[in-house]
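J.: Got a predicted structure plus its sequence, pasted below:
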Amino acid sequence: MDLLEELRIGAEPDEVYDLFSDLTNYPDWLGLVVRVDAEDPPERDPRGSWIVELQGRVGPFARSKRLRMVRSAAERPRLVRYERHEVDGRDHAPWRLEAHIAPADTGALLTMDLHYGGTRFAPVLAPILREEIRKGRRLLLERYPPT
C-alpha cells in the first residue's frame with residue numbers, strides 16, 4: 001500500500017524540516033500516531049530511533065501496533081525518511097515514511113509518501129490511513145496556513 005499526499009503550508013522549509021525530522025512531533029498532528037518515544041540510549045542507533053504506537057479505530061473496534069522506526073535519511077531542509085527497523089530478529093512488514101520538502105512561493109511544498117508492505121491488514125488499514133491523513137492535513141493547515 002502506498003499513499004502520497006502533497007500540501008502547501010505557510011512555513012519555511014527549515015521549519016517544516018524541524019517538525020518532521022523528530023517523530024515525537026507526529027502525535028500533535030497525526031491522530032493515528034498515539035505515542036512516540038525516542039529510544040534510550042541514542043548510541044544504540046546513531047540514525048535516531050523511536051518506538052511508535054499506532055492506533056486505528058473502526059467503529060467500536062481499535063487495533064494498536066508498535067513499530068521501531070529509524071531515520072534512514074536526513075537531508076536538511078529537503079528530505080526526512082523513516083523506515084521500520086526491528087531488532088528482535090523476526091521478519092516484519094516494511095513501513096517507510098518520507099517527507100519531501102521544497103521551497104514554494106509562500107512557504108513550503110510538503111510531499112508525504114507512506115509505504116506499508118504488509119498484506120494482512122492493508123484492506124482495512126488503507127481507509128483508516130486516508131482519513132487520518134485528511135485530519136492531519138487540516139491540523140497542519142490550521143497551524144501553518146498558506147499566506
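T.: On my side now, so go ahead.
J.: can you pull out the strands in the protein?
T.: For the chain, applying DSSP state E gives strands covering 2-9, 33-38, 49-58, 61-75, 79-84, 95-104, 107-116.
J.: tell me which residues in stretch 12-22 are buried?
T.: 12-13, 15-17, 19-21 (16 or more other CB atoms under 10 Å). All C-beta atoms are positioned from the backbone trio N, CA, C, and that covers glycine.
J.: returning to that earlier point: specify the stretch among the strands of the chain that is closest to residue 143.
T.: strand 2-9 (8.1 Å; CB to CB).
J.: send the alpha carbons of that closest one over as PDB?
T.: Extracted C-alpha coordinates of strand 2-9, given in PDB (Å, rounded to 0.1, in the frame of the first residue of the first chain):
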ATOM      1  CA  ASP A   2       1.400   3.400  -1.000                       C
ATOM      2  CA  LEU A   3      -0.200   6.700  -0.100                       C
ATOM      3  CA  LEU A   4       1.100  10.000  -1.500                       C
ATOM      4  CA  GLU A   5      -0.100  13.400  -0.200                       C
ATOM      5  CA  GLU A   6       1.000  16.900  -1.200                       C
ATOM      6  CA  LEU A   7       0.400  20.100   0.900                       C
ATOM      7  CA  ARG A   8       1.400  23.700   0.600                       C
ATOM      8  CA  ILE A   9       2.000  25.200   4.000                       C
END
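J.: Identify all contacting residues around that strand.
T.: The contact list for strand 2-9, computed with CB atoms under 8 Å, 6 or more residues apart in numbering, reads 16, 104, 106-116, 126, 129-130, 133, 137, 140-141, 144-146.
J.: so what strands line up beside it?
T.: If you go by DSSP bridges, strand 2-9 pairs up with strand 107-116 (antiparallel).
J.: Report the rounded mean pLDDT for the strand it pairs with.
T.: The average pLDDT within strand 107-116 is 92.
J.: for this structure, which spans come out with low pLDDT?
T.: 40-45, 121-122 (pLDDT under 70).
J.: How about the most centrally placed residue in the chain: what's its closest non-neighbour residue?
T.: The chain has residue 97 as the residue nearest its centroid, 5.4 Å off, counting by CA atoms, centre = their mean. Leaving out its chain neighbours, the residue that sits closest to residue 97 by CB to CB, 6 or more residues apart in numbering is residue 82, at 4.7 Å.
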